[in-house]
Structure formats: structure tokens, C-alpha cells
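Student: fold the following and give me the result.
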Amino acid sequence: MVRLTRAQQQDATRRKVLAAAKSEFAQRGFRGTTVDGIAARADMTRGAVYSNFPGKRALYLAVLAHEAEQAPAPEGHPSADSPAAALGAFASTWLQQLPQSSQYECSEDAQFTSPALSVDFVPEVLMNEQIRRPFAQLLALDALLLAMSLRAISQSTAAPLESFIASAESVLTILYGTTQLSYVAPEFTDPARAIALCEQVALLGGVKTPTPPPRIDARVTRVDEPWEPPSCIDRVRGESARLDRNGLVAILGMHRIGTIEAALSIWPEHTDITLALVSDHPAELAPLARLAIADICRSLRHAFPAAALPRLQVIVDDAGTLAAACGFDKVDDNSEFAVLVENGRITARADGRGAGEAAATAYASSSTPDRA
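Tutor: Numbers count the residues shown, from 1 in each chain. This is a model prediction of the structure:
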């Protein structure tokens, strides 16, 4: 009999708790589920559940994130050769997960699906400030990822990213609205109409509402230090992140995600840029981030050719290991750090408001040749 290591035992216990929680949430909803009920279904003590998850909401978000990441890839691959076709394929993939009325009829042994599980997600976001503010930042990141793919597939690659962000925000508004209506009035929603509306967004274009430029307080310090990044997953592509090449690594707290747009606007087009998301509440906010990114990137990977996927890598640094490798041991939801990596060394570090933009500006103004 093979004896499991402590890490393997912990992983097996965590998986067992997640499986029990999935069944409880799907059958009873978020409000009706209790930690005691999850423990009983998992044949564990209440303390064993709490030793793996700090509370019911953290468990709920972990279940939703796991389901989103494990969702099978859509069949086939559309050949989207225009923004309108890509947005149609994107919307179609997204709306495949709309709930049907039959999905709410759950029995003890039913195989539950993510739409039934996620019915309580938006109400829970609305009722809790701790996750509402990060979720708004994650939506901005989703719009940015979609906008980058739209610009890559368009004939106007020289157009400012802001115009594509406006289109992306309109598409996400349509899709989130359709999804929420499908929970309360599934007979009212028409996926075909929502898909057509998303295609029309590409034809209409958009203008993003101007916002005041962010204040930059960050200082850039030139350094020469070893770069030894840990193994990480790029959540955009669902594969190992490329951290061994020259580029910018921005470490942003869950309240500061939107500041990556300013860094992207001045960062060289064909040079790596990585966003690491950190938090001082990782038990809840890390799965929230994984969920938001998995939901949009499943549709992105299906609707757009690989060459049009965002050049931005996104890492959910829940344990803060990548931040520590960059030299920042203490992180929270308001963190803003950045480092420049060149030839296997950290060559600059920025800390403070606007750190990503400050580091990108320092890189662009430096005379060091041949970084790509």
C-alpha cells in the first residue's frame, strides 16, 4: 500500500471538501448551504473543513473557479477573420453556459453543472464590499484582455487600445446582462439576439469615457540582482508562464488591477509583460480572480486565433511567491510593484502608485539596446 505524503494527503482532503461543497451548493444554493452540511457530506469534521477553507464564501468561490477552469473546451474552432466574427464566436462560447430551467431540478445524486452553481454569484458580489471592489477591477481586466485580442485581429492595429476597450466593455455588458436574466427569466432571453448584438458592437466601435490620468508616486531604482522566478501558470493561456525572457513584471493588488492599462499603453508591442495579482485576502480573492479570468479566456481561446491572444500574461500569485522573487515580501490589495528583467537579471524595481507605468517609462527611455 502506497503511503501518501503530507502534501498529497492535504490535496486529497481539499479535493474531497470541494466535491462535497459543489454538491451542497448546487442542491441548496449558497444561502441554504452550511459548513456543517458540507462536512457531513464529505464525512469529515467541521474543523477539517475550516482547516482547508476559512469560510463558506471562500469555499463557494473555490468551487466556481475549479468548475470554470475544468470546463471542457468548445468543440471545433471558428475561423474568425474579423472583429465581428470573433465577437460572435466569443459570445456564442460564453452563452453556451446559460442555464436552462431543467438545470435547477437537482436531486441528491445529480451531476450538477456550473450554471446552477453560479446562480448566487452576482448577489453575493453585490452584498459584500470585500469582493465587490476586486470584481469591478477584474471586469476591467477582462475588458482589457478582450480589447487586446480585438485590436490584434483588426485592420486598425495602430488605433489606440482605448477604442477597443470601449467595444469590449459593451460586449461584456450584453453578456453579463443576458446571463443574469437567464437565471430569473430564461424564457425571456434569446442567445441568438445577444450574439448578433455583440457582432454589431464591432461595427459600431466605441469611445471610452476619458478618465483623469493616475497619479504616479512610484520611484524607479536601478539594481542588478539575480532573477529566479518560481513556476507559475499563465491564466490567459492555461499553461506555464514564460518568465525567463526579458520584460516587465507588474505585481498589483486586487484593488489596483486597472493600473496595468497605463503600463501597456507605453510598453513595446513585442516584448513580454506579466501581471501578477496579489492580495492580503487570498483565500477568497484568489479564486475570484481565477474564476473571472477562466470565464473570459475560455471564450477568447476559442474565438480568436492563437496569434491574436493578449500578449499580457496573468498570474494569480495567491501565495506571493512571484512577488517575493521580485523582492517584495509584503503584499496586500493595494500593492503596486514592478520589476524590469533583462538578460536573466532584475535591472530595475519600482514601488508605489503607478509602479507599472513608471517602470515601463524607464524602460522606454533607457538607451540599453536590443532587449527584445
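Student: my guess is R151 meets A166, correct?
Tutor: No - using CB atoms under 8 Å, R151 is not in contact with A166, being 11.8 Å away. For every residue, glycine as well, the C-beta is placed using N, CA and C.
Student: following whichever helix or strand M148 is part of, which helix or strand comes up?
Tutor: Assigned by DSSP states H and E, M148 belongs to helix 129-153. Remark: after helix 129-153, the chain's next helix or strand is helix 161-184, criterion DSSP H and E.
Student: which other helices and strands contact that next one?
Tutor: Here helix 161-184 touches helix 83-95, helix 129-153, helix 191-204, helix 260-266, going by 3 or more CB pairs under 8 Å, 6 or more residues apart in numbering; DSSP states H and E.
Student: so which of these is nearest V278?
Tutor: Closest of these to V278 is helix 129-153, at 11.3 Å (criterion: CB to CB).
Student: so what pLDDT did A158 get?
Tutor: Looking at A158, its pLDDT reads 69.
Student: go through the helices and strands packed on helix 161-184 and pick out the most buried.
Tutor: The highest mean neighbour count among the helices and strands packed on helix 161-184, using mean count of other CB atoms under 10 Å, belongs to helix 83-95: a mean of 23.
Student: before we move on, the earlier item: so for E284, which of the helices and strands packed on helix 161-184 sits nearest?
Tutor: helix 129-153 (6.3 Å).
Student: what is that closest one packed up against?
Tutor: Using 3+ CB pairs under 8 Å, 6+ apart, the elements in contact with helix 129-153 are helix 83-95, helix 121-127, helix 161-184, helix 260-266, helix 282-303, strand 312-316.
Student: go through these and find the least confident stretch.
Tutor: Minimum mean pLDDT among the helices and strands packed on helix 129-153: helix 121-127, a mean of 85.
Student: tell me how far I216 lies from D81.
Tutor: According to CB to CB, to the nearest Å, I216 stands 39 Å off from D81.
Student: so those two - more neighbours on which side?
Tutor: Comparing I216 with D81 by other CB atoms under 10 Å, the one with more neighbours is I216, at 18 against 10.
Student: what's the closest residue to that one other than its chain neighbours sitting at in phi/psi?
Tutor: In this structure, I216 finds its nearest non-sequential neighbour in G354, 3.2 Å apart by CB to CB, 6 or more residues apart in numbering. Note on G354: its backbone torsions stand at phi 80, psi 20 [degrees, to the nearest 10].
Student: what is the least confident helix or strand in the chain?
Tutor: Confidence across the helices and strands of the chain bottoms out at helix 114-117, with a mean of 54, counting by mean pLDDT, DSSP states H and E.
Student: nearest to L4, out of the helices and strands packed on helix 161-184?
Tutor: So among the helices and strands packed on helix 161-184, helix 129-153 is nearest, using CB to CB, at 33.6 Å.
Student: gap between the residue nearest to D318 when sequence neighbours are not counted and L340?
Tutor: Nearest residue to D318, sequence neighbours excluded (CB to CB, 6+ apart): A286, at 3.6 Å. According to CB to CB, A286 and L340 sit 26 Å apart.
Student: what about those two, which has more around it?
Tutor: L340 (25 against 22).
Student: so how far is I216 from the residue most central in space within the chain?
Tutor: Against the mean C-alpha coordinate of the chain, by CA atoms, centre = their mean, the closest residue is I293 at 2.4 Å. To I216, I293 is 26 Å away according to CB to CB.
Student: alright, I will stop here.
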